[in-house]
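Chemist: Only the shape, not the letters, is given here:
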């Protein structure tokens with residue numbers, strides 16, 4: 001199949017990210033258009049991102065100072081999980097970046113020996129010892145003097161974004177895509193005409209007819225092309241992932257300096273979990289839940305109670321909560337069997353959706369797009385083998401992420417509501433169907449499961465999220481057998497003394513990192529001076545904040 005004309009159906013963040021990727025990859029020689037009605041209501045579920053978003057923005061060639069002010073953007077260095085282990089168990093962080101593994105005993109597992117030998121050590125100590133930046137985000141600070149003050153923390157690599165996804169899509173459209181040659185067609189699809197090669201042409205509401213060599217479906221959960229027109233089967237992940245709806249709202253700041261935090265906070269409550277996503281102008285909040293355990297009305301009541309509780313950095317009053325606007329979102333959790341079928345590729349929600357936990361919405365968009373560029377990269381034609389390779393690689397990535405999200409529930413020991421009791425009784429392993437289990441094989445213990453999971457992803461032990469989630473959930477990563485094995489293998493060294501020496505190094509470093517964090521600007525101060533300060537007020541407090 002020869003590809004010269006590409007039509008993207010649907011705008012929003014997914015559609016315009018697709019257009020930006022294509023025009024970057026093919027700046028000349030291809031006709032690229034986006035069909036988007038001017039009055040469309042866009043689902044803004046992708047306001048929290050992962051580190052890969054910066055790789056994508058740099059690849060297309062945009063500067064953060066260009067889109068931060070327009071897109072209400074802020075920085076993100078971690079995801080915090082609160083009360084997932086047990087009710088009122090507190091929170092732990094899943095940091096961005098790599099752990100700092102040096103000192104007299106540079107071993108990732110050394111902390112787990114510390115926990116084994118000193119059981120009173122809180123699980124939060126794990127990332128505090130290994131991630132210098134935790135001193136920053138636990139105290140709502142940010143600093144660019146990373147190598148001097150925070151060792152291996154690199155703000156150029158270990159930071160993602162919070163932003164308004166709707167504004168981001170609009171910015172890409174007006175400031176990147178259209179100026180570079182992408183055509184915008186104001187209209188909506190009225191009818192899809194198919195043939196043996198896929199989609200033949202589209203009939204639009206404005207009366208026009210649109211042909212293309214390649215159609216990209218960015219129509220959200222409706223999946224107008226891949227699902228409705230081509231009838232590609234949709235595989236539900238309901239057995240593995242419990243939630244299928246969400247309430248969402250936007251909350252004005254009350255104390256911005258405290259609430260504008262450099263991390264996404266995910267808090268488990270009655271029938272699911274709530275997100276807090278601080279952008280520059282306001283706080284985005286939502287409640288992801290299962291309608292099997294709560295009606296939308298009951299879930300909204302639970303969400304409002306959360307907003308008024310001390311789980312919020314600044315609780316809202318009943319009067320303040322009643323003034324908010326709430327939106328109920330039905331989520332289609334799962335993925336189409338194939339996302340590249342004939343001459344149609346689905347990107348974003350039209351391809352599939354896991355659920356918002358771990359900020360995977362926009363992650364799948366830019367990662368699928370990178371894989372699509374690989375498929376289209378050889379020449380102007382594409383074969384069935386290219387489609388098959390794309391489908392295989394995207395599905396493997398998607399399934400792995402879904403299993404990772406499922407582990408957040410599988411590892412929980414909450415049993416305070418019917419919802420959490422059902423999860424605690426759920427059999428996550430050895431169901432006889434790989435698609436519906438977080439693990440590739442039945443395994444006798446978590447250590448074995450973690451090794452299989454990490455090997456499947458190609459991560460070294462300690463550099464994938466499962467380790468941080470498991471540790472935060474109080475899973476013992478060093479069991480008695482492993483402890484004795486290490487003692488035997490290193491019989492010339494007293495492992496107790498090795499742990500004590502390493503702990504001394506960690507304590508000294510934590511104290512240094514804390515001092516440096518408290519001498520750093522707040523996140524609000526940093527963002528204001530770098531991105532939001534009016535040009536006529538460009539004088540800075542010190543050279544660190546120069547624009």
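Modeler: Everything's here; your move. A quick note: this is a predicted structure, and the numbers were derived from the prediction, not measured.
Chemist: Once you drop chain neighbours, what's closest to residue 402?
Modeler: residue 354 (5.0 Å; CB to CB, 6 or more residues apart in numbering). Every residue, glycine included, has its C-beta placed from N, CA and C.
Chemist: Please tell me I have it right and that neighbour contacts residue 360.
Modeler: Yes: in this structure, residue 354 is within contact of residue 360 by CB atoms under 8 Å, at 5.1 Å.
Chemist: between these two, what contacts are shared?
Modeler: Counting by CB atoms under 8 Å, 6 or more residues apart in numbering, the common neighbours of residue 354 and residue 360 are 401, 405.
Chemist: Please identify which of these two sits among more neighbours.
Modeler: Each of residue 354 and residue 360 has its neighbours counted (other CB atoms under 10 Å); residue 354 has more, 26 against 22.
Chemist: which residues touch that one?
Modeler: Residue 354 sits next to 237, 241, 333, 360, 364, 398, 401-402, 405 when contact means CB under 8 Å, 6+ apart.
Chemist: which among the residues you listed end up buried?
Modeler: 237, 241, 333, 360, 364, 398, 401-402, 405 (16 or more other CB atoms under 10 Å).
Chemist: which one among those gets closest to residue 181?
Modeler: Relative to residue 181, the closest of the buried ones among the contacts of residue 354 is residue 364; by CB to CB it sits at 26.3 Å.
Chemist: Mind pulling the model confidence for the closest one?
Modeler: pLDDT recorded at residue 364 is 93.
Chemist: Can you report phi and psi for it?
Modeler: When read as degrees, to the nearest 10, the backbone of residue 364 gives phi -70, psi -30.
Chemist: Return the residues in contact with it.
Modeler: By CB under 8 Å, 6+ apart, the residues touching residue 364 are 348, 351-352, 354, 397-398, 401.
Chemist: ranges for the strands of the stretch 51-200 of the chain?
Modeler: All strands of the stretch 51-200 of the chain, identified by DSSP state E, counting those that start in this stretch, fall at 74-76, 78-82, 91-95, 160-162, 183-185, 189-195, 198-204.
Chemist: okay, those in CSV with distance to residue 415, mean pLDDT and mean neighbour count next?
Modeler: Output for these, formatted as CSV (distance: least, CB to CB, whole Å; pLDDT from 0 to 100; neighbours: other CB atoms under 10 Å):
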stretch, distance to residue 415, mean pLDDT, mean neighbour count
strand 74-76, 31, 95, 25
strand 78-82, 17, 96, 23
strand 91-95, 19, 94, 23
strand 160-162, 32, 94, 25
strand 183-185, 52, 97, 16
strand 189-195, 47, 97, 14
strand 198-204, 49, 97, 19
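Chemist: Mind putting the ones you listed into a markdown table with distance to residue 5?
Modeler: Output for the strands of the stretch 51-200 of the chain, formatted as a markdown table (distance: least, CB to CB, whole Å):
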| stretch | distance to residue 5 |
| --- | --- |
| strand 74-76 | 37 |
| strand 78-82 | 40 |
| strand 91-95 | 42 |
| strand 160-162 | 32 |
| strand 183-185 | 10 |
| strand 189-195 | 16 |
| strand 198-204 | 11 |
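Chemist: quick one, which of the ones you listed is nearest to residue 521?
Modeler: Nearest to residue 521 among those is strand 74-76; the distance by CB to CB comes to 12.0 Å.
Chemist: Residues contacting the closest one, please?
Modeler: Outside strand 74-76, the residues that reach it (CB under 8 Å, 6+ apart) are 48-49, 96, 142, 159-163, 260, 262-264, 278-280, 523, 526-527.
Chemist: List of residues touching stretch 412-421?
Modeler: Contact with stretch 412-421 is made by 83-87, 242, 268, 270-272, 290, 293-294, 423-424, 473-474, as judged by CB under 8 Å, 6+ apart.
Chemist: quick one: which of those sit in helices?
Modeler: 423-424 (DSSP state H).
Chemist: and the contacts of stretch 412-421, which are buried?
Modeler: Buried members of the contacts of stretch 412-421, scored by 16+ other CB under 10 Å, are 83-86, 242, 268, 270-272, 290, 293-294, 423, 473.
Chemist: farthest pair in these?
Modeler: Greatest spatial distance in these: 294 and 473, 23.7 Å, computed using CB to CB.
Chemist: Name whatever forms a beta bridge with residue 346.
Modeler: Beta-bridge partners of residue 346, counted by DSSP bridges, are residue 217.
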